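Engineer: for reference, the sequence and a predicted model appear below.
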Number of protein chains: 2
Amino acid sequence: MISGWEGIREEVLRRIRVRDWPPGETIPTEEELAAEFGVARATVNRALRELAGAGVLERRRKAGTRVALLPVRKATLDIPVIRQEVEARGQVHGFTLLTRTEGAPPVPVASRLGLGPSARAIYLETLHLADGRPFVFETRWLNPAVLPKPLPDFGVVSANEWLVAHVSYETGDIAFTAEAADAREAAVLGVAEGAALFVTERTTWTAEAAITLVRLAHVPGYRLQTMI
Amino acid sequence: MISGWEGIREEVLRRIRVRDWPPGETIPTEEELAAEFGVARATVNRALRELAGAGVLERRRKAGTRVALLPVRKATLDIPVIRQEVEARGQVHGFTLLTRTEGAPPVPVASRLGLGPSARAIYLETLHLADGRPFVFETRWLNPAVLPKPLPDFGVVSANEWLVAHVSYETGDIAFTAEAADAREAAVLGVAEGAALFVTERTTWTAEAAITLVRLAHVPGYRLQTMI
DNA sequence: GGCGCTAATATGTCTGCACATAATGACCGC
DNA sequence: GCGGTCATTATGTGCAGACATATTAGCGCC
């Protein structure tokens, strides 16, 4: 027997899959489905809203609900802090602060951080280890103007974790690319120059100003994986 | 004035950001918030449920709602069909079917598809073009047992689009890696051997059997990007 | 035929209430 | 002190009804 909004969601999904309701077709209204299943319209609404959020249905007022023609699959990636990621593999996390300098960042960095030409920024290079072996080479620019004082010793607390605990951010973007290891990256990660590295680049912002720009170069063989 | 579940969601977010409610802290109950904002509990529930889904809050019955200590950022990626992706960049999409064979797949492929040792599968190699230039090299294994007949001419219809229109799938997984181009990939994509390629691997399943395993090797410089 | 206005309609949201469910913490017996 | 039991409590879900809003289809006018 079908009951509850999850039951209705599954039943609707089933009908879509067996092509009772083929792609592009308009399905019955919420009211009709509520009558059929013997539930309140709010319950049907919850189920259909969920499916619309997953990209299976497309809904428009007055026009009704139709089965998505090209179901845009939405994969959700969890972006944990690196320590959690390493520990989730059953390995021991460690890290070394390789460099800490302060100065005017190069132009492309300054522009992505939205800083003026003379603004100063903190630059950190950190090597993250899993079971003592290189795992991720992190290069990070920080905007000191938006950081609470006092700053910690980034050799002891990882910048990543200090930031999530002390600075709240609003938006950001994240990009993934594949890049060949340059000389520095190759040396630090202990791989051949030109090796294919999986690179994550993140920018995070408060409402007004950029907080940090970080680039994570993962050791070859790294896989970013998720269920759909 | 705060009203509507979206307004409440924003207000709660604001209080978290200004640290009225710091990470780890339990926030007022739904009832209390409903009273404060002058709305029904269901409205508060909707707002908090949304934030919990985004990873900002953690909710447990009886225990209450608390601000997430390490906000696991959830990035949602839209996985469109390649044609849409190319067209979204304002380029013209094209593709060429390079190879179509049928036979027993290699062991790692068969195991990931859940096929027996003697099962046969269809193998396709397709080169996708953007404005006439190589964009993605697609290699795909198809499980013919679960495909509706008749099969189309994959030289005319891209396998990707035929599948989304004719086969409904339930689950799947997707993984991203960086890999060095082998001789074949280098030749097809027109890049140097060993170049860093961004690779997407997807497996999709119906309720019972695997449908397809596809590997997309993107041309160097490809960026997978999303807002957080 | 083409254009603009209007009424009809499906979804979006909200309220107030109710009961279900899970997790906690206090109580009780040993 | 220890362990098990049970009442308490916050969230999860449901219902019926209402109004809001976007969008469309049809109508009338030119």
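Structural biologist: Thanks, I have it. This one's a predicted model, so the numbers in the text were calculated from it and none came from an experiment.
Engineer: name the nearest residue to residue A:109, ignoring sequence neighbours.
Structural biologist: Nearest non-adjacent residue to residue A:109, counting by CB to CB, 6 or more residues apart in numbering or on different chains: residue A:141, 5.4 Å away. C-beta: built from backbone N, CA, C; applies to glycine.
Engineer: swap that for residue A:24, sorry
Structural biologist: residue A:69 (4.9 Å).
Engineer: assumed the one you found was part of a strand.
Structural biologist: No: if the criterion is DSSP: H, G, I helix; E, B strand; the rest coil, then residue A:69 is coil and not within a strand.
Engineer: what's the local residue count around residue A:6?
Structural biologist: By other CB atoms under 10 Å in any protein chain shown, the residues close to residue A:6 number 13.
Engineer: hang on, I meant residue A:162
Structural biologist: 17.
Engineer: end to end on stretch A:165-174, go ahead and measure it.
Structural biologist: 20 Å (CA to CA, to the nearest Å).
Engineer: list the buried ones in it?
Structural biologist: A:167, A:168, A:169, A:172, A:174 (16 or more other CB atoms under 10 Å in any protein chain shown).
Engineer: other SSEs contacting the lowest-mean-pLDDT helix or strand in chain A?
Structural biologist: Least confident element among the helices and strands of chain A, by mean pLDDT, DSSP states H and E: strand A:73-79 (a mean of 78). In terms of contacts (3 or more CB pairs under 8 Å, 6 or more residues apart in numbering or on different chains; DSSP states H and E), strand A:73-79 is packed against strand A:223-227, strand B:73-79.
Engineer: looking at these, which one is packed in the most?
Structural biologist: The highest mean neighbour count among the helices and strands packed on strand A:73-79, using mean count of other CB atoms under 10 Å in any protein chain shown, belongs to strand B:73-79: a mean of 16.
Engineer: mind putting the helices and strands packed on strand A:73-79 in TSV, distance to residue B:204 included?
Structural biologist: As requested, the helices and strands packed on strand A:73-79 are exported to TSV (distance: least, CB to CB, whole Å):
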stretch	distance to residue B:204
strand A:223-227	11
strand B:73-79	11
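Engineer: which one of those strands lies nearest to DNA strand C?
Structural biologist: For DNA strand C, the closest of the helices and strands packed on strand A:73-79 is strand B:73-79, at 18.3 Å, according to CB to the nearest atom of the strand.
Engineer: quick one, what contacts residue A:12?
Structural biologist: By CB atoms under 8 Å, 6 or more residues apart in numbering or on different chains, residue A:12 lies in contact with A:21, A:27, A:33, A:47, A:48, A:51, A:57.
Engineer: could you rerun that using 10 Å?
Structural biologist: Residues counted as contacts of residue A:12 (CB atoms under 10 Å, 6 or more residues apart in numbering or on different chains) are A:2, A:20-21, A:27-28, A:33, A:37, A:44, A:47-48, A:50-51, A:56-57, A:65, A:67.
Engineer: for the least confident helix or strand of chain A, list the C-alpha coordinates in CSV.
Structural biologist: C-alpha atoms of strand A:73-79 as CSV (Å, rounded to 0.1, in the frame of the first residue of the first chain):
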residue,chain,number,x,y,z
ARG,A,73,21.5,14.6,-13.3
LYS,A,74,22.5,16.4,-10.2
ALA,A,75,25.4,14.9,-8.4
THR,A,76,26.0,16.3,-5.0
LEU,A,77,29.6,16.3,-3.8
ASP,A,78,30.5,16.5,-0.2
ILE,A,79,33.5,18.7,0.3
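Engineer: neighbours of the residue lying closest to residue A:81 once chain neighbours are set aside, how many?
Structural biologist: Nearest residue to residue A:81, sequence neighbours excluded (CB to CB, 6+ apart): residue A:160, at 5.1 Å. Using other CB under 10 Å, residue A:160 has 22 other residues around it.
Engineer: to which secondary structure element is residue A:34 assigned?
Structural biologist: Here residue A:34, judged by DSSP states H and E, is contained in helix A:30-37.
Engineer: got the contact list for that helix?
Structural biologist: Residues from elsewhere that reach helix A:30-37 (CB under 10 Å, 6+ apart): A:1-5, A:7-8, A:11-12, A:27-29, A:39-45, A:47-49, A:59, A:64-65.
Engineer: redo that, cut-off 7 Å
Structural biologist: The contact list for helix A:30-37, computed with CB atoms under 7 Å, 6 or more residues apart in numbering or on different chains, reads A:2, A:8, A:40, A:41, A:44, A:45, A:48.
Engineer: check the offset of it from the chain's centre.
Structural biologist: 37 Å (CA atoms, centre = their mean, to the nearest Å).
Engineer: ok, and does it reach over to DNA strand C?
Structural biologist: Yes: using CB under 7 Å from any atom of the strand, we find that helix A:30-37 touches DNA strand C at A:30, A:31.
Engineer: okay, buried residues for that helix please.
Structural biologist: Neighbour-count burial for helix A:30-37, counted by 16+ other CB under 10 Å, picks out A:30, A:33, A:34, A:37.
Engineer: dump those residues into JSON lines; add pLDDT and distance to residue B:81 as well.
Structural biologist: JSON lines is the format used below for the buried residues of helix A:30-37 (pLDDT from 0 to 100; distance: CB to CB, whole Å):
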{"residue": "A:30", "pLDDT": "95", "distance to residue B:81": "30"}
{"residue": "A:33", "pLDDT": "95", "distance to residue B:81": "29"}
{"residue": "A:34", "pLDDT": "95", "distance to residue B:81": "34"}
{"residue": "A:37", "pLDDT": "94", "distance to residue B:81": "33"}
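Engineer: returning to that earlier point: the least confident helix or strand of chain A: partners in the sheet, and parallel or antiparallel?
Structural biologist: In the sheet containing strand A:73-79, its partner strands are strand B:73-79 (antiparallel), by DSSP bridges.
Engineer: and after the strand it pairs with, which helix or strand comes next?
Structural biologist: Assigned by DSSP H and E, the successor of strand B:73-79 is helix B:82-88.
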